[in-house]
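In: Fold the following for me, if possible:
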Amino acid sequence: MKTIVLIIIAYLLGSIPSGFWIGKAFYKKDIRQFGSGNTGTTNTFRVLGVKAGFAVFLADLLKGTLATSLAYLPNIEVNPLWFGLCAILGHVFPIFAKFKGGKAVATSAGMLLGYHPLFFFYSLAIFLILLYITSMVSLSSMIAAVIITLSTFILPFILPALLPEQDWLLSCIAVIVTVFIFYLHRQNIQRLRQGTESRISFGLNKKPKEK
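Out: Residues are numbered from 1 along each chain as shown. Below is the predicted model of the structure:
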């Protein structure tokens, strides 16, 4: 029974629609009505600006971390990744925002932070390098997800100091999350094919300043 309650709590933590609540409370905007319609970090940056974007990123990251950390409570014998996965599902399908949420990236990162901090910083470095090269959050997120997933299989053999042993559950959930991320970015993939995907004002291919 305790495990079921914690699973529900993990989902509810993930369901906190940070972008939607911050938009309504401080900007009087429902960000689901603007941009991509998502309540996640990227759309918040686009619609509400840098301050709101960073606030939502931190909130969405911590949702995954807190949910994952529920497994470290006394007398809980559940792998933390299961609670993290529940938070990711809550973030994508939030009960508090009519099941219309974000694209799983920040909360997935939060899950890694709660489960394996060193691997989280490795993954964050991969994403930031890709973001600098592409200047596109969507493309960086998808490529990073693939590289991170492959890393869970390869690192135990080539860099055991970072990932000492093969963690099959981590690898399986990484595959699931990566497939999920690609599915949630299907409209972005279409815009990438058309050459119309949005770029940010950072990196080698940053968007030009408006005159």
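In: Next, Ser198: secondary structure please.
Out: coil (DSSP: H, G, I helix; E, B strand; the rest coil).
In: Kindly confirm whether my reading is correct that it touches Arg46.
Out: Yes. If you go by Cβ atoms under 8 Å, Ser198 and Arg46 touch, sitting 7.0 Å apart. The C-beta positions use only the backbone N, C-alpha and C, and glycine is treated the same way.
In: Report whether the expected contact of Gly114 with Thr68 is present.
Out: Yes. Proximity of Gly114 to Thr68 meets the contact threshold set by Cβ under 8 Å, at 3.1 Å.
In: Looking at those two, which is more packed in?
Out: Thr68 (29 against 25; other Cβ atoms under 10 Å).
In: quick check, distance from the host helix or strand of Thr44 to the centre of its chain.
Out: Assigned by DSSP states H and E, Thr44 belongs to helix 41-48. On the basis of Cα atoms, centre = their mean, to the nearest Å, helix 41-48 sits 14 Å off its chain's mean C-alpha point.
In: Going by contacts, tell me the helices and strands next to that helix.
Out: Here helix 41-48 touches helix 18-26, helix 50-69, going by 3 or more Cβ pairs under 8 Å, 6 or more residues apart in numbering; DSSP states H and E.
In: Return the most buried member of those helices.
Out: Highest mean neighbour count of these: helix 50-69, a mean of 21 (counted as mean count of other Cβ atoms under 10 Å).
In: What's the mean pLDDT across the lengthiest helix in the chain?
Out: Looking across the chain with DSSP state H, the single longest helix is helix 137-158. Here helix 137-158 scores 97 as its mean pLDDT.
In: What lies in contact with the worst-scoring helix or strand of the chain on mean pLDDT?
Out: Ranked by mean pLDDT, DSSP states H and E, the weakest helix or strand in the chain is helix 41-48, scoring a mean of 85. Helix 41-48 is contacted from outside by 18-19, 22-23, 27, 29, 31, 34-37, 52-53, 55-57, 60, 102-103, 105-106, 137-138, 198, 200, using Cβ atoms under 8 Å, 6 or more residues apart in numbering.
In: That one to helix 18-26, inter-axis angle?
Out: On the basis of axes from the mean of the first three to the mean of the last three Cα atoms, to 10 degrees, helix 41-48 is oriented at 20 degrees to helix 18-26.
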